[in-house]
Structure formats: C-alpha cells, structure tokens
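[1] only the shape, not the letters, is given here:
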C-alpha cells in the first residue's frame, strides 16, 4: 500500500484567487490527495501553530502564484518553511501554479 499524498496549498485570500484555489483543492481531493488549505478567522498564534503542524504532515507544497500571494507575508513564511522541509528531506517537493501573471 502506498503512502497517502498529503498536499499543503498556500495562497492569498482574494476573491479571484479563492475561486481558483477552491477548484484546485477540489481537483486534488478528487484525485485522492489529502489537502490542507488555510482558512480565514483563526488567531495569529493559533494560525501559525496550525500551519507548522500541517506543513510537517504534508509531503507536497503547492503555491498558487498571484501578485497578491507574492506580497502576502503569510505566504512568504509558508514558502520559507516548505523550502526548509524540502532541504531537510522531510517534504517531497514544491509545486508552483501561476494563477495570475506575476512580474
């Protein structure tokens, strides 16, 4: 039996990006992946703890690229954490999906 595919999806919460991300998450789940995607409304300390736990349990990191995501501090922190996990051999890979043109 193969290990389950665990995917962390990092994105910004704009309405345009939200629709793209929701479709991506639905497609990943339909393909059999277990997906962690952040939700709005958690306190900052709780949110950081949940992100760290989720990253530690995921073997893939998917970054939904948009200009807003690149400028968003939380996305930047998630990317740095994912790179560290990948470098340590604790994450299989990082995938970037361009949802909007970025410069």
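    That came through, no problem. Predicted, not measured: the structure shown is a model, and the values here were computed from it. Numbers count the residues shown, from 1 in each chain.
[2] strands of the chain, start to end?
    Taking DSSP state E as the criterion, the chain contains strands spanning 6-10, 34-37, 60-65, 93-98.
[3] for the lowest-mean-pLDDT helix or strand in the chain, buried residues please.
    The weakest-scoring helix or strand in the chain, judged by mean pLDDT, DSSP states H and E, is helix 44-57 (a mean of 83). In terms of neighbour count (16 or more other CB atoms under 10 Å), helix 44-57 has its buried residues at 51, 54, 55. All C-beta atoms are positioned from the backbone trio N, CA, C, and that covers glycine.
[4] in terms of contact, does the last one touch residue 81 like I think?
    Yes. Counting by CB atoms under 8 Å, a contact exists between residue 55 and residue 81, whose distance comes to 5.3 Å.
[5] ok, now which ones touch residue 98?
    Residue 98 sits next to residue 65 when contact means CB atoms under 8 Å, 6 or more residues apart in numbering.
[6] what is the burial count for residue 9?
    Neighbour count for residue 9, taken as other CB atoms under 10 Å: 23.
[7] and the nearest residue to it once chain neighbours are set aside, what does it touch?
    Nearest non-adjacent residue to residue 9, counting by CB to CB, 6 or more residues apart in numbering: residue 37, 4.4 Å away. By CB under 8 Å, 6+ apart, the contact list for residue 37 reads 8, 9, 11, 21, 25.
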